[in-house]
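K.L.:
below is the structure, and that's it, no one-letter string:
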């Protein structure tokens, strides 16, 4: 009997499985932070500065993206968001983290008002949650 027959030829990477409550905690926190960023994006858009208006629009776009990725049923009545939410289902956490970090970085570069900074921080919070999932237990 060959002792090497029982060994697998390729090692399968062990994918860490999260518990159900942790997944819902991350999704719930992302939804709350997304809604808060949406409100602050609207507040930032009401400004006299053109760069702050653009920053507010970016915060609104980022928060809508977070809501479309995290809770597709919130945006199910919008036809063009359905493929976007289906696209996000199979994405790894590091890709979501990278996507969520783009909007706040540009926002802080454009406008340094209080509402835009807090809106960007809320979007950074969502990216931070997904970064925490990417790093995992170490």
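P.N.:
Perfect, I can see it now. Just so we're clear, the structure is a prediction, and the values are computed from it rather than from any experiment.
K.L.:
any idea which helix or strand carries residue 56?
P.N.:
For residue 56, the host element (DSSP states H and E) is helix 50-70.
K.L.:
now the angle from the helix or strand just after that helix to helix 50-70?
P.N.:
Next along the chain after helix 50-70, taking DSSP H and E as the criterion, comes helix 82-89. For helix 82-89 against helix 50-70, the angle by axes from the mean of the first three to the mean of the last three Cα atoms, to 10 degrees is 70 degrees.
K.L.:
just the residues contacting the helix or strand following helix 82-89, thanks.
P.N.:
Per DSSP H and E, the first helix or strand lying C-terminal to helix 82-89 is helix 93-110. When contacts are defined by Cβ atoms under 8 Å, 6 or more residues apart in numbering, helix 93-110 is touched by residues 51-52, 54-55, 58-59, 61-62, 65-66, 69, 88, 116-117, 119-121, 123-124, 126-127, 130-131, 133-134. Where you see a C-beta, it was placed from the backbone N, CA and C, and this is true even at glycine.
K.L.:
can I have the buried ones of those residues as a ChimeraX selection?
P.N.:
Buried residues among those (16 or more other Cβ atoms under 10 Å), as a ChimeraX selection:
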select :52,54,55,58,59,62,65,66,69,88,116,117,119,120,121,123,124,126,127,130,131,133
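K.L.:
in this structure, what helix or strand scores lowest on average pLDDT?
P.N.:
helix 82-89 (a mean of 72; mean pLDDT, DSSP states H and E).
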